Structures are given as structure tokens and as C-alpha cells.
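Engineer: okay, here's the prediction I keep looking at, along with the sequence it came from:
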Amino acid sequence: RDKTADFPAAQNIPLVTTKAHVLNAEKIIAARPSVVIVDYSVGPGAVIHQLRDIGIPVVYIDAERSISLIPKVINQVGHALGVKQEQIDKVVKSTQSEAKQAIKRAQAMSDHRRIAVLVIRGTNVAFIGGPGSGADELVGALGGVDVGKDAGLTQDFTPMTPEAMVKAAPDTVIVMSDGMKSAGGVDGIVSAPGMAQTPAGKNRSVVDILDSALFSFGPGVGDLINALADALYGKPQKK
């Protein structure tokens, strides 16, 4: 696993990266993998070449993350692992069905607020998710207005200056849990330069989610959308 795999089931799996996606050749070799699956955001390239030189197969999958690309990525991973197409198709079908139900539920709950998906490191470093990051599709699935798309961003992650944050005026920001901790919790986020002048800052409207869940876009996407919808809009009242 890499450092961002922070879900409970991965706790006892060997860690083979030094930072988020920076591979450690010695740790990977020690884990004796049958195959290594990476995307093009993972490196350095010298480690990939080293693994291949000693006979460890390395398979690349698409780096772009989005709800619409989930079936393609499931197929790529399944083929890399030698899984029968029939089994891959079952996973794709169940994932699409769960995602469709979750999106329908979230959009029925939505209040159509302006949402920014931020990657935060400390109190002075913030990037906003744009096209290719998956943030735009995720916010759309939740029935919100994506601040990054509304601002016409063209990169997957764009640095946010205080002035740009004020202009973007998100009603709510979604952040990763570790990023929120590095900023000093909700207090640190809402008091950051620029954020304090936004509706999200004024109303302390911050939703955090595990780093491994936010941009994973895999078979658990239905659970992700349901969890975020509940956090954003509140669980529907039972009649």
C-alpha cells in the first residue's frame, strides 16, 4: 500500500512508499509482489525500471480519476491480476448500480450549494480540485455547484490564493482528514487567509473525509457519495 491507504483493512499491509506516491524499491522488493500496479502519478521512474529489471511485472493504469472512468479502471486492474472477464463484469455492474442509486439519493437531498474540494497542507497551502481530479464529477454527483468548474479551472489541482478563495465563495469545502489535521482542525481551516471571508468560513461549513476515500473512485464510490450526502445535507428523517 501507499501512504494514503489509511482505511482499516490496509493497516497491516506493508507500506512501500516514503511520501504519498513516492516508491521505495527496497520495501517493494521485500514484499515479494507478483505484480505492481501504478498510474502515471507514481514514481520515480528509476524505481519502476529497477523493478522490471529484476523481473517484477509493473502495470500502468489510468491516472485520471472520475466516476465515469471507474469501469475502465476496474477492467484494467482485473486484467492485470488475471481475473476472468465474467468476474470483472460483475464488479463493474454492482459498482455502477450502487453509484447510480447513491447519486439519485444525494441529488434528491441536495440544496445545490457551492462546493469546493480542497487539498490542504498546513494553513498556507491549499489547492482546489479541477478537471481530471474527479472533484467536478463528485460535486456534480452530490447535486452541488463545483466551484472549480464555475471558475473555469483547466488543471487537475490549482493553487488557491486568498483572493481567489474569496472570489470563489464556496458555501462548503470538502477536505481530506489529514489535511484538516495539518491545518489545525476546523478552526484552522475557517480562519485561513481568504477562507474566513467565504460563506464556508463564516458558517464553519467544512466536511472532512479519509484521504484514501476522497479521490479513490473505485468499487466503494457508492458508499463515498452516500457518506458525503449525509454529511452535507443531513440524513433524511424517518417518517
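Structural biologist: On my side now, so go ahead.

Engineer: what is the burial count for residue 74?
Structural biologist: Neighbour count of residue 74, defined by other C-beta atoms under 10 Å: 20. (C-beta placed from N, C-alpha, C; glycine too.)

Engineer: now do it against residue 96, distance only.
Structural biologist: Distance of residue 74 to residue 96, given as C-beta to C-beta, to the nearest Å: 10 Å.

Engineer: now do the buried residues in stretch 78-93.
Structural biologist: Neighbour-count burial for stretch 78-93 flags 78, 80, 88, 91-92 (criterion: 16 or more other C-beta atoms under 10 Å).

Engineer: which residues are contacting whatever helix or strand residue 78 lives in?
Structural biologist: Following DSSP states H and E, one finds residue 78 within helix 70-80. If you take C-beta atoms under 8 Å, 6 or more residues apart in numbering as the criterion, helix 70-80 is touched by 35, 37, 59, 61-62, 85, 87-88, 91-92, 95-96, 99, 217-219, 221.

Engineer: the helix or strand following that helix - what's its average pLDDT?
Structural biologist: On the C-terminal side of helix 70-80, the closest following helix or strand by DSSP H and E is helix 85-109. For helix 85-109, mean pLDDT rounds to 97.

Engineer: try stretch 35-49
Structural biologist: Mean per-residue pLDDT for stretch 35-49: 91.

Engineer: for it, measure first residue to last.
Structural biologist: By C-alpha to C-alpha, to the nearest Å, the extent of stretch 35-49 from end to end equals 14 Å.

Engineer: which parts of the helix-or-strand element of the chain with minimal mean pLDDT are buried?
Structural biologist: None of the helices or strands of the chain scores lower by mean pLDDT, DSSP states H and E than helix 211-214, at a mean of 79. By neighbour count on 16+ other C-beta under 10 Å, the buried set for helix 211-214 is 211-214.
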